[in-house]
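Novice: Please work out how this folds:
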Amino acid sequence: MILWYLKDRKYSVKDAVSKLSKAIRWRHEFGVSELSEESIKSVAETRKAYVHDFLDVNGRPVLIVDASKHIPGEFEQYEDEKLCVFMIEKALSKLPSGKQEILAVIDLRGFRTQNADIKFLTFVFDALYYYYPRRLSQVLFVDAPFIYRPVWELIKPLVKSYASLVRFCSAKTVKEEYFAADTVPANFK
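Specialist: Below you'll find the predicted structure:
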């Protein structure tokens, strides 16, 4: 864990220790170790986020988000945050030996303005930046509708250097470039 923070802080021990200390405090306050399938059951049943059963072709665990299933206000903000953290933790627990990063696939097919949730996205990006540094290798925005472009322009400054990890692509690209024929997620077949 220390290595992630050292890399993230360009090997400044002082900065890495500071960031790691904050992350440890946050993990305790948020209750990361108490999260379980049962504790996120109701929000998880929406299938708006899940960890795919198979690794991608590069050996990375895959976190899939169906953005069209996120309805702001359907659940308390904290419930959505718990689902987010639980799924990140679950994906990280599936890392093969020698791997340190996961792939996030954000399926934007069917995304509409009513699915946009800047407050929740701020939480997600803050969590990734402050508490899970260097854990994402790539984020795929799949079949982004026209309306998503202005939303992305609002979000982009929040993600700082992580914006370079983003790739806009099609469902076909996900299927053909990121998975073997027998490991393609059902919603991309």
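Novice: And for the closest residue to Phe54 other than its chain neighbours, the neighbour number?
Specialist: Take Phe54 and drop its neighbours on the chain: the residue closest to it by Cβ to Cβ, 6 or more residues apart in numbering is Thr183, 3.7 Å away. For glycine as for every other residue, the C-beta is placed from the backbone atoms N, C-alpha and C. Counted with other Cβ atoms under 10 Å, residues neighbouring Thr183 total 14.
Novice: Look up how far Met87 lies from Thr183.
Specialist: Using Cβ to Cβ, to the nearest Å, one gets 19 Å for the distance from Thr183 to Met87.
Novice: where does the chain have low pLDDT?
Specialist: Where the chain drops to pLDDT under 70, the residues are 1.
Novice: mind listing the strands for it?
Specialist: With DSSP state E as the criterion, the chain has strands at 49-51, 62-66, 102-107, 136-142, 166-169.
Novice: can you list contacts of the fourth one?
Specialist: Counting by Cβ atoms under 8 Å, 6 or more residues apart in numbering, strand 136-142 makes contact with 58, 60, 101-109, 128, 148, 152, 162, 165-171, 173-174, 178, all of which sit outside it.
Novice: hmm, back to that, mind giving me a markdown table with the strands of the chain and columns for mean neighbour count and distance to Asn115?
Specialist: Output for the strands of the chain, formatted as a markdown table (neighbours: other Cβ atoms under 10 Å; distance: least, Cβ to Cβ, whole Å):
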| stretch | mean neighbour count | distance to Asn115 |
| --- | --- | --- |
| strand 49-51 | 20 | 13 |
| strand 62-66 | 22 | 10 |
| strand 102-107 | 23 | 11 |
| strand 136-142 | 20 | 13 |
| strand 166-169 | 16 | 17 |
